[in-house]
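# I'll drop the sequence and a predicted model, then ask my questions.
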Amino acid sequence: MIFSKEFTSAILIIGNEILSGRTVDKNTSFIAKWLGDLGISVEEVKIIPDKEDVIIASLNELRKKYQYVFTTGGIGPTHDDITSESVAKTFGKKYEYNKEAYAILEKYYANSEFNEGRKKMAKMPEGATLIYNVQGSAPAFFLENVFVLPGIPSYVELMLPQLKEVLIGGKKIISVSCDAKVRESSIAVELSIIQDKYPDIDIGSYPYSKEGGFGTILVMRSVDEDRANKCKKEIETMLSKFVQK
């Protein structure tokens, strides 16, 4: 099968604080769900450190594999915020002050010190298109198929919807689920048979443990709601054999 990158994306999480465990990533879930509603599937998520060579290598790999790449983190005012400059080097662009971004920040910090760190947030690759922060502070940006977002989840949630008219998506990805109140290992063989029967549907299996015992949440994801529901019914019929009388 020839791999098609149409309607696909990757998320590149940049930050030593994520890798160290000091900060919990909350952006992936929001971005993936939002993109799914646009019919764009997230095929890969990577977490990498604030290292220029790693950022550049990761971006070059992902932007060739997928239709869109979304990065989070590393566009703030401190010395370790190197994402913007790394993106510029990835594309062979000048890393410079964006005049519009500079004016936005200058206005935002009109009543406080507009120091070098704050000015730094206006530096980005030449030719970048701004993604505005409706609260008036530092904008994010995109260049070709790479969308560079901040690490702060509340800002991501404000900025991402602005891209709805920019991104080209497919059919909305539908999810349906059922609770199999049996161990995952008990239904593995039967589930594999059903998955082979429905190659167009992504069947996810997520085991859990509760006070009442073990179980498995099964999630069917597809752009065809009728097919997803048909698959669900077949799974439920299969599961009925395992229900204890």
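Cool, the structure landed.

# In this structure, where is pLDDT below threshold?
Scanning the chain for pLDDT under 70 picks out the ranges 1-4, 243-245.

# Which elements pack onto the longest helix seen in it?
Secondary structure assigned by DSSP state H gives helix 225-240 as the longest helix of the chain. Helix 225-240 sits against strand 174-180, helix 184-197, strand 213-222, with contacts defined as 3 or more Cβ pairs under 8 Å, 6 or more residues apart in numbering; DSSP states H and E. In short, each C-beta sits where N, CA and C put it, glycine included.

# and the ones you listed as JSON lines, adding distance to residue 88?
Formatted as JSON lines, the entries for those read as follows, by distance: least, Cβ to Cβ, whole Å:
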{"stretch": "strand 174-180", "distance to residue 88": "37"}
{"stretch": "helix 184-197", "distance to residue 88": "43"}
{"stretch": "strand 213-222", "distance to residue 88": "36"}
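
# May I see those arranged in a markdown table, with distance to residue 7 and mean neighbour count as well?
A markdown table is the format used below for those (distance: least, Cβ to Cβ, whole Å; neighbours: other Cβ atoms under 10 Å):
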| stretch | distance to residue 7 | mean neighbour count |
| --- | --- | --- |
| strand 174-180 | 14 | 16 |
| helix 184-197 | 21 | 14 |
| strand 213-222 | 13 | 18 |
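
# what comes into contact with the longest helix of the chain?
Outside of helix 225-240, the residues within contact range by Cβ atoms under 8 Å, 6 or more residues apart in numbering are 174-178, 180, 182, 187, 190-191, 194, 197-198, 200-201, 203, 218, 220-222.

# Residue 150 is in contact with residue 139, isn't it?
No. In terms of Cβ atoms under 8 Å, residue 150 does not count as a neighbour of residue 139; the distance is 9.4 Å.

# what's the domain layout of this structure?
The chain is divided into the following domains under automatic domain parsing: 8-165, 174-240.

# Endpoint to endpoint, the first one covers what distance?
Which is domain 8-165. According to Cα to Cα, to the nearest Å, domain 8-165 extends 16 Å from its N-terminal end residue to its C-terminal end residue.

# so is the spatially closest residue to residue 83 that is not a sequence neighbour in a helix, a strand, or just coil?
Once flanking residues are discounted, residue 83 sits nearest to residue 74: 3.2 Å by Cβ to Cβ, 6 or more residues apart in numbering. Three states are possible here, and by DSSP: H, G, I helix; E, B strand; the rest coil the one that applies to residue 74 is coil.

# for the protein, what spans make up the helices?
Using DSSP H, the helices of the chain run over residues 16-20, 27-37, 52-65, 83-91, 99-108, 116-120, 153-159, 184-197, 225-240.

# Between those helices, which one is closest to residue 169.
helix 27-37 (7.6 Å; Cβ to Cβ).

# How far away from the center of its chain is the closest one?
Using Cα atoms, centre = their mean, to the nearest Å, the mean C-alpha position of helix 27-37 is found 6 Å from that of the whole chain.

# other SSEs contacting it?
Where contact means 3+ Cβ pairs under 8 Å, 6+ apart, helix 27-37 is packed against strand 8-14, strand 41-48, strand 68-72, helix 153-159.

# elements contacting the second one?
Under the contact criterion of 3+ Cβ pairs under 8 Å, 6+ apart, strand 41-48 touches strand 8-14, helix 16-20, helix 27-37, helix 52-65.

# rerun that using 7 Å as the cut-off
With contacts defined as 3 or more Cβ pairs under 7 Å, 6 or more residues apart in numbering; DSSP states H and E, strand 41-48 has these neighbours: strand 8-14, helix 27-37, helix 52-65.

# Could you give the separation between the terminal residues of stretch 128-141?
The separation between the terminal residues of stretch 128-141, taken as Cα to Cα, is 6 Å.
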